[in-house]
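K.L.:
Have a look at this prediction, sequence included:
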Amino acid sequence: MRGVQGAQGYDKHAYEPFAVTVDLAVFTVREGLLRVLLVERGQEPYAGRWALPGGFVQPDESAETAARRELAEETGLLNVAGLHLEQLRTYSEPDRDPRMRVVSVAFAALLPDPPDVRGGSDAARAEWLPYGSYGPLAFDHDRILADAHERVGAKLEYTCLATAFCAPEFTLGELRGVYEVVWGAELDPANFRRKVLATPGFVEPIPGASRLTGGRGKPAALYRAGDASALHPPLLRPAPEPTEGNHR
């Protein structure tokens, strides 16, 4: 009965209305670089500024449904194979949008071998830009993107998420390249190979399959993602090199 009384006494007009949006930090690896999908805003506020794809959640949508719809409308990516999408966190600072109170549900996404993109809806254009190569983003999207990058980098340590950046068949060198561009660190090839192959279920060899990777060496063996989801032991990122003035 307590709940019923509370419901009867509830006045929805006593609360300031606010909107809910979604924002997507979509990463890929292309030409040896970590790239992020950005759109150029075609409308105010921040017209002409790069931003993450996203938009308002409609009354009949879940946040994930809205995220996939906005991704398709603003960049042309519709039902793309291999898209890994996960919720990052909620951003709710009162002044994050100059138009009104807006709460955003942010998503991190990974996409191997992505197609070209095109601007649509209220996005003037869309591009896969190298991570960190752009100026300040619209709204609080710099913070969202940095949080997404840190989430992905951390998850590479203890999950098999790196394979989501790869094509269905990949070499260990290509897998190592994912770690290197996300972490911004060079890894020893022999040590990386030993750790990956010693981790049960991380990757599976494809019998008899290989690929020439350039140079004069023999073709590299091909692998596919295994059935594991977690790495035991974790594959820890290298400690950052000490900078001058930090060491004693």
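P.N.:
Looks like it came in fine. Here the structure is a predicted model, which is why all the values come from computation and not from measurement.
K.L.:
Then residue 103 would be within a strand, right?
P.N.:
Yes - remark: residue 103 belongs to a strand, assigned using DSSP: H, G, I helix; E, B strand; the rest coil.
K.L.:
Specify the beta-bridge partners of it.
P.N.:
residue 20 (DSSP bridges).
K.L.:
Tally up the residues packed near it, please.
P.N.:
Residues lying near residue 103 (other C-beta atoms under 10 Å) number 16. For the C-beta atoms, the positions are set from N, CA and C on the backbone; glycine is no exception.
K.L.:
my guess is it meets residue 89, correct?
P.N.:
No - the pair residue 103 and residue 89 does not pass the contact test of C-beta atoms under 8 Å, sitting 11.3 Å apart.
K.L.:
count of residues packed around residue 175?
P.N.:
21.
K.L.:
How far does the helix or strand where it lies sit from its chain's centre?
P.N.:
Assigned by DSSP states H and E, residue 175 falls within helix 172-183. Relative to its parent chain, helix 172-183 has a centroid offset of 15 Å by C-alpha atoms, centre = their mean, to the nearest Å.
K.L.:
ok, then the element right after that helix?
P.N.:
According to DSSP H and E, the helix or strand after helix 172-183 is helix 189-197.
K.L.:
Strands of this protein, residue ranges please.
P.N.:
19-30, 33-41, 50-51, 54-56, 84-91, 102-110, 123-130, 203-211, 220-225 (DSSP state E).
K.L.:
Could you save those as CSV and add columns showing mean pLDDT and distance to residue 63?
P.N.:
Compiled in CSV, the strands of the chain are given as follows (pLDDT from 0 to 100; distance: least, C-beta to C-beta, whole Å):
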stretch, mean pLDDT, distance to residue 63
strand 19-30, 96, 6
strand 33-41, 96, 18
strand 50-51, 97, 18
strand 54-56, 96, 10
strand 84-91, 96, 7
strand 102-110, 97, 4
strand 123-130, 93, 19
strand 203-211, 93, 32
strand 220-225, 96, 27
